[in-house]
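Undergrad: here is my input, please return the structure:
(one chain, ligands or ions: 1)
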Amino acid sequence: MTTFRTSKFPVLIIGGTGKTGRRVAERLTAQGVPVRIGSRNASPAFDWENRETWAPALECVSAAYITYYPDLAAPGAAEAIGDLARLAVTKGVKRLVLLSGRGEPEAQRAEAMLQASGADWTIVRASWFMQNFSESMLLGPILAGEMALPVSTVREPFIHAEDIADIVTAALTDDRHIGQLYEVTGPRALTFAEATAEIAKATGRPINYATISPEEFMQGLEQEQVPADIAALINELFTVVLDGRNEYLTDGVQKALGRAPRDFTAYARDAAATGIWETAK
Ligand SMILES: NC(=O)c1ccc[n+]([C@@H]2O[C@H](COP(=O)([O-])OP(=O)(O)OC[C@H]3O[C@@H](n4cnc5c(N)ncnc54)[C@H](OP(=O)(O)O)[C@@H]3O)[C@@H](O)[C@H]2O)c1
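TA: Next up, the predicted model:
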């Protein structure tokens, strides 16, 4: 069995400064596997918007973890994944692991592009990350004590970014994950109001939850000067993808790692303990 643990060539982690990439980099480094961070600020730089950066980033790497930005649901994402995967394979980088999303036709098209590229592929098709509340777009509303989203009763089985990182690290270092598509969720589906309430309990601070219209949501994003294309994408994720299609739980974490996924209550407790949700007194 081939293992990259012994390779002197680094693993390229595209999005290596992001929520899952950073955690994968930490794990591989701890195992003694060299990593190359794929980032617009790295050297060599990697930028999805500048294809000339792709080949230098893929030079002399043993494998790659691919996270697309801003979202695989964005127009052109599937073609970018297909083009990058084929380029990687022609450069001899066959071992590719893709982070994907559930219930998004464009994400599923990107998966098919990877599968058709000739790569030794693994796909991790994930639900919404718990860390969106602590490391991403939902952190601001938590700190402000006011969460207002265009979603009410639909439940999402949020997954812990550490579980994704565990699976991706395993996939990058163990050939038995080649050709596997792991659809992964947390162990419990919560509404966004319930998730917010869990965080309020963990922080000991009241956090109000309000369901607003997609129009009000878009106005808010505009006020925060979120670029129009990103705002439209975020709105689509809330209003189209969060229609109930993803409310079911899956056993992807169990299948990939032989253990249960982490729960939201533990996530909220641990994140609160880091002080990330503390506000200035
Ligand atoms: N968040 C979720 O709940 C979720 C759920 C399922 C699937 N996904 C998928 O996960 C992927 C990543 O989403 P995320 O929310 O987890 O983001 P993230 O990885 O936390 O995003 C930040 C990363 O993207 C990089 N980045 C930003 N613009 C870039 C560009 N033009 N070229 C190259 N890298 C760029 C940043 O690197 P630098 O700033 O250092 O360049 C950083 O490493 C998406 O494809 C999404 O579909 C997300």
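Undergrad: check what pLDDT Ile14 gets.
TA: pLDDT, Ile14: 98.
Undergrad: how much space separates it from the ligand?
TA: With distances taken as C-beta to the nearest ligand atom, to the nearest Å, Ile14 is found 7 Å from the ligand. The C-beta positions use only the backbone N, C-alpha and C, and glycine is treated the same way.
Undergrad: what is the neighbour count of the residue nearest to that residue when sequence neighbours are not counted?
TA: Excluding its sequence neighbours, the residue lying closest to Ile14 (C-beta to C-beta, 6 or more residues apart in numbering) is Gly38, at 3.6 Å. Look at Gly38: counted by other C-beta atoms under 10 Å, it has 29 neighbours.
Undergrad: doesn't Phe9 make contact with Pro34?
TA: Yes: with contacts counted by C-beta atoms under 8 Å, Pro34 reaches Phe9, the gap being 7.2 Å.
Undergrad: so what's the residue count around Leu149?
TA: Counted with other C-beta under 10 Å, Leu149 comes out at 22.
Undergrad: what residue ranges in the protein score low on pLDDT?
TA: Along the chain, the parts satisfying pLDDT under 70 run over 1-6, 281.
Undergrad: check it for the residue nearest the ligand and tell me.
TA: The minimum distance from the chain to the ligand, using C-beta to the nearest ligand atom, falls at Gly18 (2.2 Å).
Undergrad: relative to Ala42, how far out is the closest residue in space to that residue that isn't next to it in sequence?
TA: Of all residues not flanking Gly18 in the chain, Thr67 sits nearest, at 6.0 Å (C-beta to C-beta, 6+ apart). According to C-beta to C-beta, to the nearest Å, Thr67 stands 14 Å off from Ala42.
Undergrad: and if you look at Glu49?
TA: 15 Å.
Undergrad: higher neighbour count, those two?
TA: Using other C-beta under 10 Å as the criterion, Glu49 and Ala42 rank with Ala42 on top: 17 against 8.
Undergrad: so that one, which state does it fall into?
TA: Three-state assignment for Ala42 (DSSP: H, G, I helix; E, B strand; the rest coil): coil.
Undergrad: all strands for this structure, in order.
TA: Secondary structure of the chain, counting by DSSP state E: strands at 11-14, 35-38, 63-66, 95-101, 120-126, 146-149, 155-156, 180-184, 190-191, 208-211.
Undergrad: what does the fourth one contact?
TA: By C-beta atoms under 8 Å, 6 or more residues apart in numbering, the surrounding residues in contact with strand 95-101 are 4, 15, 20, 62-68, 71-73, 81, 85, 88, 107-108, 110-111, 114, 117, 119-126, 164, 168, 171-172, 177-178, 241.
Undergrad: who's in contact with Val93?
TA: Applying C-beta under 8 Å, 6+ apart to Val93 gives the contacts Leu12, Leu58, Val61, Ser62, Ala63, Ala64.
Undergrad: so the third one sits against Lys8, correct?
TA: No: contact criterion C-beta under 8 Å: Val61 and Lys8 do not qualify, at 11.0 Å.
Undergrad: looking at the two, which is more packed in?
TA: Counted by other C-beta under 10 Å, Val61 and Lys8 do not tie: Val61 has more neighbours, with 23 against 7.
Undergrad: what about Gly179, how many neighbours?
TA: The number of residues packed near Gly179 is 11, by other C-beta under 10 Å.
Undergrad: nearest residue to it in space, please, no chain neighbours.
TA: Per C-beta to C-beta, 6+ apart, closest to Gly179 is Trp121, 6.8 Å.
Undergrad: could you report the neighbour count for that neighbour?
TA: Counted with other C-beta under 10 Å, the neighbours of Trp121 add up to 23.
Undergrad: does it touch Gln115 like I think?
TA: Yes: using C-beta under 8 Å, Trp121 makes contact with Gln115 at a distance of 5.9 Å.
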